[in-house]
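1. One predicted model, sequence on top.
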Amino acid sequence: MTRFIAAYDTEFAGECLSACRSIRDVHAEFDFFATFFIVGKRLEEEGREYRDLLGDVPSFEIASHTYSHRMLRDHPFCGRAPGKEARLRELPGHGWHENLLKGHNLTDRIQRILAWPPQFPEAIPLGPVATPEEEFAIHRIFVTRAVELGLPYVSLIWHPWSLQRFDPEMRMLRLLFAFVQESGLESTTYEREWQRAAQIRSVV
């Protein structure tokens, strides 16, 4: 059965912390797990606040988003990684880099990430989404397709600051989490999914 991972790339000082307060409330409402990838510099600046906000929730995972938001592997668009290549096992996320979906980072990068012809043309809007309902409709496509393909998990990754700017009431998260529940998907974290995959590999 496909599992669902809600994850957050937490990068900016102040604004991300504020948004995480609202995000925590939505997760409590739906009893959902979450993975928060937090940049190390943010923890140096706001570690006590993040610990108070997220540290006492057993269903929350705090994970690394690197120390300073640098790439860990060489990338054709982002350049070479610092130092030696990191030996990592990647559990990729799915769907849109949601900053682009909302038009928060409209540059030539949006053309770089679109494969032609696209695998899911129905998931590529003609322009940035304008409402939380439109954003939900796009994310729903990826969850539905993951279930249809029998993927072990589907993960959508958001930026707290972007969620709050676009949708301060977090209507999209509520719509999506309700859909995930109605679809019968189990909520999990990246660590739990990695442990599950490692256990399967050890058996094989």
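-> Here it is on my side, so go on. This is a predicted model, so every value here is computed, not measured.

2. helices or strands next to the longest helix anywhere in the chain in the packing?
-> The longest helix of the chain (DSSP state H) is helix 132-149. Applying 3 or more Cβ pairs under 8 Å, 6 or more residues apart in numbering; DSSP states H and E, we find helix 132-149 packed against helix 98-101, strand 153-158, helix 171-182. In this view, the C-beta of every residue, glycine as well, is placed from N, C-alpha and C.

3. how about those, which one is nearest Thr189?
-> strand 153-158 (9.6 Å; Cβ to Cβ).

4. Return the set of buried residues in the helix or strand that the closest one is followed by.
-> Elements were assigned by DSSP states H and E; along the chain past strand 153-158, the next helix or strand is helix 160-166. Buried residues in helix 160-166, defined by neighbour count with 16 or more other Cβ atoms under 10 Å: 160-164, 166.

5. Who are the packing partners of helix 160-166?
-> Short answer (3+ Cβ pairs under 8 Å, 6+ apart): helix 160-166 packs on helix 15-30, helix 98-101.

6. Can you tell me what sits against the longest one?
-> With Cβ atoms under 8 Å, 6 or more residues apart in numbering as the test, helix 15-30 has contacts from 6, 8, 10, 32-34, 36, 42, 46, 49-50, 53-54, 57, 59-60, 159-161, 163-165, 168, 170, 173-174, 177-178, 181, 187.

7. Please repeat the previous calculation with a cut-off of 7 Å.
-> 8, 10, 34, 46, 49-50, 53-54, 57, 160-161, 163-164, 170, 173-174, 177, 181 (Cβ atoms under 7 Å, 6 or more residues apart in numbering).

8. Using neighbour counts, trim those to the buried set.
-> Members of these classed as buried by 16+ other Cβ under 10 Å are 8, 10, 34, 46, 49-50, 53-54, 160-161, 163-164, 170, 173-174, 177.

9. so where's the protein uncertain?
-> Applying pLDDT under 70 to the chain flags the ranges 12, 65-79, 81-85, 87-91, 105-118, 203-204.
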